[in-house]
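Participant: A structural model of the following input is requested.
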Amino acid sequence: MKILVVGSGGREHAIVWKLKRDGHEVVCASGNAGICRIAECVALNPEDIATVKEYVRKTGFDLTIVGPEAPLVAGIADEFRRLGLPIFGPGQKGAQLEGSKAFSKALMQEAGIPTARFETFTDVGKARAYLAGQQYPLVVKASGLALGKGAVIVRSRSEAEALVEEMMVGRVMGEAGAIVVIEEFLSGEEASIIGITDGERVAYLAPSQDHKALLDGDQGPNTGGMGAYAPAPIVTPELQAEVERQVFVPLLEGLRRRGIEYRGVIYAGIMVTDKGPYVLEFNCRFGDPETQVILPLLSADLGELLLDAATGRVQVKEQRANRREQRHALCVVAASAGYPGKYEKGKTIAGVGGQGSGIRGDVVVFHAGTKMQDGVVVTSGGRVLGVTGMGPTLPEAKKKAYDALSKVHFEGMQYRRDIGDKGIRRSQSSKVKTQNPKSEHDG
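Facilitator: A predicted model of the protein is given here:
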């Protein structure tokens with residue numbers, strides 16, 4: 001097939017990389033320094049829907065795949081479908097799952113999907129009054145799109161009031177913070193479960209675990225994601241079945257009740273608690289950096305799978321059988337100094353060589369915030385590279401990723417050193433329990 005991928009980050013590099021490995025002809029709008037090594041890139045703004053639509057109409061593509069959330073929330077899929085152009089991604093109403101946390105939480109409440117207790121506010125005075133009677137910590141979320149940084153844990157009333165004021169009055173997150181959701185803090189371990197749906201059926205990809213905090217030990221501010229690994233051992237077959245039953249089935253039913261035909265990605269951010277799985281958030285697109293570890297484990301043809309979803313033909317049983325879960329993948333993000341705050345661009349990147357164009361020794365370097373400048377690859381974003389290692393075990397995948405990352409350098413490069421450690425500890429603990437089962441005679 002001839003496929004257009006819309007976007008320019010690490011997620012889109014992973015999508016293009018997988019499509020190319022599956023034998024498809026791929027064009028990317030607008031791409032980055034790594035994507036341009038393996039596919040044709042065209043200088044189109046992903047958020048300029050009219051221009052992208054006209055380009056697709058004139059050029060002719062079998063499928064358009066939208067990577068980032070902003071064009072989906074703006075309604076690019078609706079525009080394409082009105083012209084009969086095949087596109088993978090939900091329409092504007094469905095994309096509210098990510099574009100409006102207020103919408104998403106209300107839908108979860110209506111559908112009986114387990115999620116944290118919450119209240120939604122459009123008035124700063126009412127939000128402050130609500131905070132006066134709460135126990136802390138709490139989570140304050142900007143309802144709109146905030147590049148993965150809109151959820152903040154607050155540990156006191158004064159901290160919460162200051163943040164609400166900054167969001168709703170100071171607009172530190174722009175219009176995303178005009179409406180805020182305040183919800184209870186949940187304790188547990190997070191996991192990402194991503195499904196491809198045609199609105200009726202869901203093909204589930206390998207479960208993964210993202211690392212949102214900037215620093216080791218889950219310390220520091222939230223980011224768009226500093227690394228990920230898959231499959232995540234916390235998502236047992238039993239937990240997966242529970243999430244399918246309690247989350248995905250009622251969600252699709254709830255969307256249909258509202259007259260929303262949803263064809264695209266459903267990304268469920270799950271908190272696994274002592275009381276079971278709770279939904280933290282839904283996203284309407286592939287995760288970043290989860291995509292960089294999920295797609296290398298997928299043996300199915302990605303282009304065919306996404307076309308099936310776009311045209312209402314998802315084959316669930318077939319796709320379940322096509323996950324390479326006997327393999328493991330781990331991605332470490334190399335970020336610019338200052339990220340997730342202000343950062344400088346234009347730093348020369350050394351050590352990537354030709355790795356952006358493919359796989360070498362079970363390692364792929366996915367470009368995120370990069371561009372070519374005078375024939376040299378330089379930084380152009382906060383998250384710059386995602387170095388993914390693969391292997392038969394999670395420790396081996398981690399070693400390959402970090403060994404490869406040690407050869408990469410740019411001024412101010414920062415990264416976490418503990419990606420995957422939770423999964424390794426959990427796997428080792430499970431192995432010990434299996435080897436030493438507790439007898440009914442044990443004291």
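
Participant: can you verify my assumption that residue 138 contacts residue 160?
Facilitator: Yes. Using C-beta atoms under 8 Å, residue 138 is in contact with residue 160, at 6.0 Å. Every residue, glycine included, has its C-beta placed from N, CA and C.

Participant: shared neighbours, these two?
Facilitator: Common neighbours of residue 138 and residue 160, using C-beta atoms under 8 Å, 6 or more residues apart in numbering, are 131, 154, 182.

Participant: find the nearest non-adjacent residue to residue 224, please.
Facilitator: Once flanking residues are discounted, residue 224 sits nearest to residue 148: 3.9 Å by C-beta to C-beta, 6 or more residues apart in numbering.

Participant: for the closest residue to residue 53 other than its chain neighbours, what are its contacts?
Facilitator: Leaving aside its chain neighbours, residue 53 sits nearest to residue 79 (5.4 Å; criterion: C-beta to C-beta, 6+ apart). Counting by C-beta under 8 Å, 6+ apart, residue 79 touches 49-50, 53.

Participant: what strand or helix carries the nearest residue to residue 119 once chain neighbours are set aside?
Facilitator: Once flanking residues are discounted, residue 119 sits nearest to residue 182: 5.5 Å by C-beta to C-beta, 6+ apart. Using DSSP states H and E, residue 182 sits within strand 180-184.

Participant: sheet partners, orientation included, of that strand?
Facilitator: Its sheet considered, strand 180-184 pairs with strand 118-121 (antiparallel), strand 138-142 (antiparallel) by DSSP bridges.

Participant: among these, which is nearest residue 14?
Facilitator: strand 138-142 (26.7 Å; C-beta to C-beta).

Participant: can you list contacts of the closest one?
Facilitator: Contact with strand 138-142 is made by 101, 116, 131, 150-154, 160, 163-164, 167, 173, 176-177, 179-185, as judged by C-beta under 8 Å, 6+ apart.

Participant: walk me through the domains of this protein.
Facilitator: Segmentation of the chain into domains, based on automatic domain parsing, reads 2-90, 117-184.

Participant: can you put these in a markdown table and add mean pLDDT?
Facilitator: Converted to a markdown table, these look like this (pLDDT from 0 to 100):
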| stretch | mean pLDDT |
| --- | --- |
| domain 2-90 | 97 |
| domain 117-184 | 94 |
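
Participant: what's the most buried one of those domains?
Facilitator: Using mean count of other C-beta atoms under 10 Å, the stretch among the domains of the chain with the largest mean neighbour count is domain 2-90, at a mean of 21.

Participant: quick one: that one to chain centroid distance?
Facilitator: In terms of C-alpha atoms, centre = their mean, to the nearest Å, the centre of domain 2-90 is found 17 Å from the chain centre.

Participant: give the buried residues for the helix or strand hosting residue 395.
Facilitator: Assigning secondary structure by DSSP H and E places residue 395 in helix 394-405. Buried residues in helix 394-405, counted by 16 or more other C-beta atoms under 10 Å: 394-398, 400-402, 404-405.

Participant: swap in stretch 365-381?
Facilitator: By 16+ other C-beta under 10 Å, the buried positions in stretch 365-381 come out as 365-371, 377-381.

Participant: what residues does it touch?
Facilitator: For stretch 365-381, contacts defined as C-beta under 8 Å, 6+ apart pick out 9-10, 13-14, 17, 32-36, 288-289, 292, 331, 333, 336, 344-349, 352, 355-356, 382-388, 404, 408, 410.

Participant: what is the mean pLDDT for it?
Facilitator: Mean pLDDT, stretch 365-381: 96.

Participant: can you get me the start-to-end distance on it?
Facilitator: Terminal residues of stretch 365-381 lie 16 Å apart, using C-alpha to C-alpha, to the nearest Å.

Participant: now that stretch: how far from the chain's centre is it?
Facilitator: Using C-alpha atoms, centre = their mean, the offset of stretch 365-381 from its chain centre is 21 Å.

Participant: coming back round to it: would you agree the residue nearest to residue 224 falls within a strand?
Facilitator: No. Per DSSP: H, G, I helix; E, B strand; the rest coil, residue 148 lies outside any strand segment and is coil.

Participant: contacts only, for it.
Facilitator: Neighbouring residues of residue 148 by C-beta under 8 Å, 6+ apart: 212, 222-225.

Participant: just those: which are in strands?
Facilitator: Within those, residues falling in strands by DSSP state E are residue 222.

Participant: pLDDT added to the contacts of residue 148, as a markdown table?
Facilitator: Shown next, in a markdown table, are the contacts of residue 148 (pLDDT from 0 to 100):
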| residue | pLDDT |
| --- | --- |
| 212 | 93 |
| 222 | 88 |
| 223 | 92 |
| 224 | 91 |
| 225 | 95 |
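
Participant: who are the contact partners of the residue nearest to the spatial centre of the chain?
Facilitator: The residue lying closest to the centre of the chain (C-alpha atoms, centre = their mean) is residue 287, at 1.4 Å. Contact partners of residue 287, counting by C-beta under 8 Å, 6+ apart, are 11, 192, 194, 208, 210, 225, 228, 267, 294.

Participant: returning to what we had before: now the domains of the chain in TSV, with distance to residue 256?
Facilitator: Shown next, in TSV, are the domains of the chain (distance: least, C-beta to C-beta, whole Å):
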stretch	distance to residue 256
domain 2-90	13
domain 117-184	23
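
Participant: so which of those gets nearest residue 305?
Facilitator: When the domains of the chain are compared by C-beta to C-beta, domain 2-90 sits nearest residue 305, at 9.3 Å.

Participant: give me the distance between residue 249 and residue 243.
Facilitator: 10 Å (C-beta to C-beta, to the nearest Å).

Participant: ignore what I typed, I meant residue 351.
Facilitator: In terms of C-beta to C-beta, residue 351 sits 39 Å off from residue 243.

Participant: pretty sure residue 241 is in a helix, no?
Facilitator: Yes. Residue state for residue 241 (three-state DSSP) corresponds to a helix.
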